[in-house]
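Visitor: My questions concern the predicted model and sequence given below.
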Amino acid sequence: MIKNISNLGDAALYCDFGIEVNRNINSEVIKYFKAIKEKNIEGINNLTPSYNKLIISFDLSVTNYGEIKDKIEKLNINEVPNNSNKKLEIPVCCDTSFSLDIERLEKKLNSSKQKILENFFNKEYFCYMTGFIAGMPFLGDLDKNMRAQRLETPRVKVPKGSVGLTEQFANIYTFESPGGWNIIGNTPLVVFDSTKEKEPNLINPGDTVIFKPITLDEYKNYNE
Amino acid sequence: MNIKITMNKDYFEIIRAGINTTFQDLGRKNLYHIGIPFSGAMDNRNFLLANKLVGNKLDLPVMEFAYQGPLLKFNGNKINIVITGDVIFKIRKKNNEIEGNCYETYELEQGDEIDILSTNKSVYGYLAISGEFDLKFQWGSCSVNIKANIGSNEGKKLNNGQKIDISKINPNLEKKKLNYFNSKIENIRVIKGTNFDYFSEEGKNNFFEKEFIVSKLSDRMGMRLEGPKIENIVNTNIKSEGLLKGVIQVPGDGNPIIMMSDHGTIGGYPKFGVVVSADYDRLVQISPGSKLKFKEIDLSDAETLFKLYEMETQNLISQI
């Protein structure tokens, strides 16, 4: 349920679903996001679901805050079946050439590479949101003993395909970008395909992800 | 036997690309949720006026330049061009050189050059042609986002020596002119943001009473401001959530950043306020080193101001 709707500037609704970050609240955000998207409400030009908020922006020359707020409040969310969530397997290679920050994590988490990776691969993750850079999924939740802060100084270039950890989340760098997450491996899978007009991103909010360890040879042969 | 094929194609040769020359249109919608920003022309009014002056549909892509613009050489039969914004430029023909006026169309013939020297006490200017550049669309728009490598021209700004093909030229090359001067804005109007209460009373007072200077680190992603610090007394981070153009984020260092058209889609800094839609076109034109001030208004005033601004734009379009 939306706890509160307010305006963010003059051309957006700020829907607040609560303070906490957990799957229940995020599932509600995603439910609303999908329902509103399906309705194709005139004037809405963007929806941004995040952990516990949904921002609905609109074209002020077509509609306004009052009109859109009214439509959202009257929306019957249960009409929309929520069966579009996928389950995905993402291959990840954690060869030393890819696991750029594993030593840092060993120190910060007071653990070993083997234990960290065992824990990482032995879990099912939930996609809370995508964004920051195109197609980047925010996947949770990591166990409490796996949670580390961002790098003090972010990298200028994180390689494409890098899999990183920060706090309760894992993510994937869909293209080379600056970034501060702790990099533990790399996936050969194309997670964001900019040549696709429809659904360029592989992982969407609400999807479930498991990571599968692969060797360096498997990584190299993956796209051949 | 060698057969030489002469290509009868119209194109522009980019002799000098300028500082940040990109193709822009109305931008792309409904992609925030996968991390793709809106982009599009920074100054929407000048974008629309450019297209209207050369007789185009209003949503066609144009060339946007910042500070110093490009030097282009036309290869083809005849074409009309127009420059909008507040821009100093010259047209070089075989035997003469013309000082160009914005909002007035010029006919270019084979070999003519257009030299866009600089924007005048402003940032962005637009070049439209009476026809269409040969560009690729990506997710419904040609707009280039150079940071994310999205859009036409392989997601890059123009480079020296490049050739830009023209796919279509309008048959009627009518001379057109509009009397218009871009008004400057002193006070940018702002609606309180969702984290307004994160900031100290002194911080809030500083924001609305003191002057800020636009930093040199401003670009199509964000406008950074220098001035009094806006002190946060609650938390300098929020749980990451969506951003919009015009949102004023204040990170831990207390210096506000205003989100611009190519902004990242998600951010974790508190939102102090949002610039009203009516002031966005003029905000983006405030050049680095210039001063600006903020004034708080409420939602209904912002909506009224936008209606007036829209009417003014429509009125200008109908005069052409």
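Guide: Alright, I've got the coordinates.
Visitor: Toward the C-terminus, what is the element adjacent to the helix or strand bottoming out on mean pLDDT in chain A?
Guide: Using mean pLDDT, DSSP states H and E, strand A:177-179 stands out as the lowest-scoring helix or strand of chain A, at a mean of 86. Next helix or strand after strand A:177-179 toward the C-terminus (DSSP states H and E): strand A:182-186.
Visitor: for that next one, packing partners?
Guide: On a contact count with 3 or more CB pairs under 8 Å, 6 or more residues apart in numbering or on different chains; DSSP states H and E, strand A:182-186 meets strand A:87-93, helix A:102-109, helix A:113-121, strand A:162-166. Every residue, glycine included, has its C-beta placed from N, CA and C.
Visitor: try it again with 7 Å
Guide: Secondary-structure packing of strand A:182-186 (3 or more CB pairs under 7 Å, 6 or more residues apart in numbering or on different chains; DSSP states H and E): strand A:87-93, helix A:102-109, strand A:162-166.
Visitor: gap between it and the chain center?
Guide: 16 Å (CA atoms, centre = their mean, to the nearest Å).
Visitor: just to revisit the earlier point, what strands line up against the least confident helix or strand of chain A, and which way round?
Guide: strand A:155-158 (antiparallel) (DSSP bridges).
Visitor: before we move on, the earlier item: can you mark which positions in the least confident helix or strand of chain A are buried?
Guide: Across strand A:177-179, burial judged by 16 or more other CB atoms under 10 Å in any protein chain shown covers A:177, A:179.
Visitor: Show residues contacting that strand.
Guide: With contacts defined as CB atoms under 7 Å, 6 or more residues apart in numbering or on different chains, strand A:177-179 is touched by A:133, A:154, A:155, A:156, A:157, A:158, A:164, A:173.
Visitor: So which residue of chain A lies furthest out from the middle?
Guide: residue A:61 (31.5 Å; CA atoms, centre = their mean).
Visitor: ok so, going back, tabulate the contacts of strand A:177-179 (CSV), appending neighbour count and distance to residue B:312.
Guide: CSV is the format used below for those (neighbours: other CB atoms under 10 Å in any protein chain shown; distance: CB to CB, whole Å):
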residue, neighbour count, distance to residue B:312
A:133, 23, 37
A:154, 11, 43
A:155, 18, 47
A:156, 9, 44
A:157, 11, 45
A:158, 21, 45
A:164, 23, 48
A:173, 27, 44
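Visitor: Let me know the closest of those residues to residue A:2.
Guide: Set against residue A:2, the nearest of those by CB to CB is residue A:133 (27.7 Å).
Visitor: what's near enough to touch the closest one?
Guide: Contact partners of residue A:133, counting by CB under 7 Å, 6+ apart, are A:174, A:175, A:177, B:35, B:148.
Visitor: next one: residue B:224
Guide: Contacts of residue B:224 (CB under 7 Å, 6+ apart): B:215, B:217, B:218, B:255, B:257.
Visitor: According to the record, where do the domains of chain A fall?
Guide: Taking automatic domain parsing as the domain assignment, the ranges for chain A are A:4-79, A:87-220.
Visitor: Mind putting the ones you listed into CSV with distance to residue B:285?
Guide: Shown next, in CSV, are the domains of chain A (distance: least, CB to CB, whole Å):
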stretch, distance to residue B:285
domain A:4-79, 19
domain A:87-220, 28
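Visitor: which stretch among those comes nearest residue B:124?
Guide: domain A:4-79 (20.6 Å).
Visitor: For the longest helix along chain A, list every residue counted as buried.
Guide: Criterion DSSP state H: the longest helix present in chain A is helix A:23-39. Residues of helix A:23-39 classed as buried: A:25, A:26, A:27, A:28, A:29, A:30, A:31, A:32, A:33, A:34, A:35, A:36 (neighbour count, 16+ other CB under 10 Å).
Visitor: Check the gap between the third one and chain B for me.
Guide: Plainly put, residue A:27 is 15 Å away from chain B if you go by CB to the nearest CB, to the nearest Å.
Visitor: The second one too?
Guide: With distances taken as CB to the nearest CB, residue A:26 is found 11 Å from chain B.
Visitor: That residue: what's it in contact with?
Guide: Residue A:26 sits in contact with A:51, A:52, A:128, where contact means CB under 7 Å, 6+ apart.
Visitor: Out of those, the closest to chain B would be?
Guide: residue A:51 (5.1 Å; CB to the nearest CB).
Visitor: Contacts only, for that closest one.
Guide: A:21, A:26, A:128, A:129, B:239, B:240.
Visitor: Who wins on neighbours among those residues?
Guide: Highest neighbour count within the contacts of residue A:51: residue A:129, with 31 neighbours (other CB atoms under 10 Å in any protein chain shown).
Visitor: circling back: looking at pLDDT only, which of the contacts of strand A:177-179 scores worst?
Guide: Of all the contacts of strand A:177-179, residue A:154 has the smallest pLDDT value, namely 83.
Visitor: Could you check the pLDDT of residue A:82?
Guide: According to the model, residue A:82 carries a pLDDT of 60.
Visitor: Can you select the buried ones among the contacts of residue B:224 for me in ChimeraX?
Guide: Those of these that count as buried under 16+ other CB under 10 Å are selected in ChimeraX with:
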select /B:215,218,255,257
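Visitor: Can you pick out the most distant pair from the contacts of residue B:224?
Guide: B:218 and B:255, at 11.8 Å, using CB to CB across the contacts of residue B:224.
Visitor: Tell me the span between the first and last residue of stretch B:58-78.
Guide: End-to-end distance of stretch B:58-78: 21 Å, with CA to CA, to the nearest Å as the criterion.
Visitor: okay, the helices and strands packed on strand A:182-186 in CSV with distance to chain B next?
Guide: Listed next are these as CSV, based on distance: least, CB to the nearest CB, whole Å:
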stretch, distance to chain B
strand A:87-93, 15
helix A:102-109, 19
strand A:162-166, 11
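Visitor: Next, the contact list for residue 63, please.
Guide: Chain wasn't specified; assuming chain A. Counting by CB under 7 Å, 6+ apart, residue A:63 has contacts A:42, A:43.
Visitor: you looked at the wrong chain, it should be chain B
Guide: B:21, B:23, B:126, B:127 are the contacts of residue B:63 under CB under 7 Å, 6+ apart.
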